[in-house]
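Asker: The following comprises the amino acid sequence and a computationally predicted model.
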Amino acid sequence: MESLKLLNDYTKLPAKFFSQQMPNPVLNPKFIIFNNSLAEAMGLPMMTQDEWLELLSGNQVLKGSMPISQAYAGHQFGNFTMLGDGRAVLLGEFLTSSQELFDIQLKGSGRTPYSRGGDGRATVSAMLREYLISEAMHNLGIPTTRSLAVVNSGEKVQREMEYNGGILTRIAKSHLRVGTFEYAYQYGTMEDQKALTSYAISRHYPELENAKNQALELLKKISEVQADLIVDWMRVGFIHGVMNTDNMSIAGETIDYGPCAFMNSYDPNTVFSSIDTQGRYAYRNQPRIAQWNLSRLAIALLDQLHTDQNLAIEMAQDIINSFPSQYESKWLNMMRNKLGWEGNQSGDQNLIEDLLHMMHKYKADYTNTFLGIADRENYDSPLLDSMEFQEWSMLWMSRATMDGRDLDQTILKMKGYNPVFIPRNHMVETALMRASQSSEFGQFDELLKVIRDPYQNKEQYTAYRIPPENGDLGYQTFCGT
């Protein structure tokens, strides 16, 4: 039987970027879930369940592989901290038949040199949350890390109380972060910094390998992919919850699904994370924080941009200062798509902002409002029934049918950008509670089915379209560490 073959690509970097680290074995592991469709899409070998379980529980290491934990730093809520994989081990990288390289990482696999007093473990509930939400994001068409499996470790994890321990297998284009570059800048030599830049480019953006100023072009590229990513988050009402620089992927993927959630009632100030007491990472702030994080990356690249510090600062500042307009342009086009419009018209932004203002005023459900615009007969809400909306709707229709365009074309376009289903917070919490506490996976499995095809309406899943009766009043999320 073919065995999984892993590379040790990350270890090409200087030794200070990682520590060799074996996963800590567990006594009685059991599979909770295995992502067969992901395994098939990646071309992973057909190993037996027992072989996979031994590997993904951390009880066995493949011959020739060198598991590591990565070193990095980060600004957490604006404060710089030395970090690293405190509960994760990179088993290695897998090269697909299309020559794409993916990290295979265990999360919750025990203590590492970077654990800083933590136990290195994770709860089943937190790992199932990451599995569920990362699959939802993938099917919504948003760049994301993916989850290959969740294993019950057979051991208990102590948080505010005792929980079942879980280990997640995370698949990512890489685990390079803005925080990795901050680490190189603060603790590495110029050679270390250049090695990291070269590695990031060769792995993710090989088209930049012949650039005259690689660091500058890398900063531009990362700025662009981050703008695209945040626009996608805003499109579906996703709130990451903990946009620290160590959670911003250089590859432009959504990473780390701790206190994340989806917005129901539209309020740009929505924040769910229990530790975000000041609303730093609220829905409306996500683009601004992305720019702030990019400015930390720019600082970390300064010495590579130019030998003249003033010129380096000027070059970096130009890119960072251009982010808001870059983001705004992408966001405006995204909102046009959500409303089914073609082309650009000078009055578009005003019409969009008028709609968002009404949505906030009437506490309208973010997801269902756009579905209701496209299909008024099947949606009933105070917003859609208001005179304000009736007047706005006429302007929307006039804009949508401009130049003789058929309204059916507009509605068809809207269906490609507006999901029918998102992981509703109350449904997620109930599913996770039943699965992790009572091993009842009925609702969890059904929720997975729903989010696998989120743009198609299915009458049998109507309950998953309905927001909670009291909105998200009092709802909080937690980071799980």
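Answerer: Right, received. Where do you want to start? Residues are numbered from 1 along each chain as shown.

Asker: Within its sheet, name the partner strands of the helix or strand hosting residue 102 and how each one runs.
Answerer: Element membership of residue 102 [criterion: DSSP states H and E] is strand 101-107. Partners of strand 101-107 in the sheet, by DSSP bridges, are strand 88-95 (antiparallel), strand 162-172 (antiparallel).

Asker: With mean pLDDT, distance to residue 307 and mean neighbour count as added columns, please give these in JSON lines.
Answerer: Where you see a C-beta, it was placed from the backbone N, CA and C, and this is true even at glycine. Listed next are the strands paired with strand 101-107 as JSON lines, based on pLDDT from 0 to 100; distance: least, CB to CB, whole Å; neighbours: other CB atoms under 10 Å:
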{"stretch": "strand 88-95", "mean pLDDT": "98", "distance to residue 307": "34", "mean neighbour count": "23"}
{"stretch": "strand 162-172", "mean pLDDT": "96", "distance to residue 307": "34", "mean neighbour count": "23"}
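
Asker: So which of those strands is nearest residue 187?
Answerer: strand 88-95 (19.4 Å; CB to CB).

Asker: need the next SSE after the strand holding residue 102, C-terminal direction.
Answerer: Counting by DSSP H and E, the next helix or strand C-terminal to strand 101-107 is helix 124-139.

Asker: Which residues outside that next one are in contact with it?
Answerer: 32-33, 35, 107-108, 144-147, 150, 152, 163-168, 170, 238, 254, 257-258, 260, 422-423, 428, 431-433, 435-436, 444, 447-448, 451-454, 480 (CB atoms under 8 Å, 6 or more residues apart in numbering).

Asker: and these, which of them are in helices?
Answerer: Those of the contacts of helix 124-139 mapping onto helices are 428, 431, 432, 433, 435, 436, 444, 447, 448, 451, per DSSP state H.

Asker: And the third one, how far from residue 312?
Answerer: To tie it back to what came earlier, the one meant is residue 432. Distance from residue 432 to residue 312, counting by CB to CB, to the nearest Å: 47 Å.

Asker: quick one: residue 221 and residue 206 touch, right?
Answerer: No. Using CB atoms under 8 Å, residue 221 is not in contact with residue 206, being 11.2 Å away.

Asker: Have a look at the two and say which one is more surrounded.
Answerer: A count of neighbours by other CB atoms under 10 Å puts residue 221 above the other of residue 221 and residue 206, at 19 against 9.

Asker: what distance separates the helix or strand where the more buried one lies from the centre of its chain?
Answerer: Per DSSP H and E, residue 221 falls inside helix 214-236. In terms of CA atoms, centre = their mean, to the nearest Å, the centre of helix 214-236 is set 13 Å apart from its chain centre.

Asker: Report the rounded mean pLDDT for it.
Answerer: Averaged across helix 214-236, the pLDDT comes to 98.

Asker: one step back: mind checking which of the strands paired with strand 101-107 is nearest residue 232?
Answerer: When those are compared by CB to CB, strand 162-172 sits nearest residue 232, at 17.0 Å.

Asker: I'd like the next helix or strand past the closest one.
Answerer: Per DSSP H and E, the first helix or strand lying C-terminal to strand 162-172 is helix 178-187.

Asker: List the buried residues for that next one?
Answerer: Neighbour-count burial for helix 178-187 flags 178, 179, 180, 181, 182, 183, 184, 185 (criterion: 16 or more other CB atoms under 10 Å).

Asker: That one packs against which elements?
Answerer: strand 73-76, strand 79-82, helix 190-204, helix 286-305 (3 or more CB pairs under 8 Å, 6 or more residues apart in numbering; DSSP states H and E).

Asker: C-terminal to the last one, what's the next element?
Answerer: Past helix 286-305, further along toward the C-terminus, the next helix or strand under DSSP H and E is helix 309-338.

Asker: Can you name every helix or strand that that next one contacts?
Answerer: helix 214-236, helix 286-305, helix 348-361, helix 407-417.

Asker: can you list these in a markdown table and add distance to residue 459?
Answerer: Output for the helices and strands packed on helix 309-338, formatted as a markdown table (distance: least, CB to CB, whole Å):
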| stretch | distance to residue 459 |
| --- | --- |
| helix 214-236 | 22 |
| helix 286-305 | 34 |
| helix 348-361 | 26 |
| helix 407-417 | 16 |
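
Asker: For residue 48, which of those is the nearest?
Answerer: Here helix 214-236 is closest among the helices and strands packed on helix 309-338 (CB to CB), at 37.1 Å.

Asker: Can I get that closest one in CSV, CA atoms only?
Answerer: What follows is helix 214-236, C-alpha atoms only, in CSV (Å, rounded to 0.1, in the frame of the first residue of the first chain):
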residue,chain,number,x,y,z
GLN,A,214,12.0,41.4,-4.6
ALA,A,215,11.0,42.8,-1.2
LEU,A,216,9.1,45.7,-2.7
GLU,A,217,7.2,43.5,-5.2
LEU,A,218,6.4,41.0,-2.4
LEU,A,219,5.0,43.8,-0.3
LYS,A,220,2.8,44.9,-3.2
LYS,A,221,1.6,41.4,-3.9
ILE,A,222,0.7,40.6,-0.3
SER,A,223,-1.1,43.9,-0.1
GLU,A,224,-3.2,43.0,-3.1
VAL,A,225,-4.1,39.5,-2.0
GLN,A,226,-5.0,40.7,1.5
ALA,A,227,-7.3,43.3,0.0
ASP,A,228,-9.0,40.6,-2.0
LEU,A,229,-9.3,38.4,1.1
ILE,A,230,-10.9,41.0,3.3
VAL,A,231,-13.3,42.0,0.6
ASP,A,232,-14.4,38.3,0.5
TRP,A,233,-14.9,38.3,4.2
MET,A,234,-17.0,41.4,4.0
ARG,A,235,-19.1,39.9,1.2
VAL,A,236,-20.4,37.1,3.4
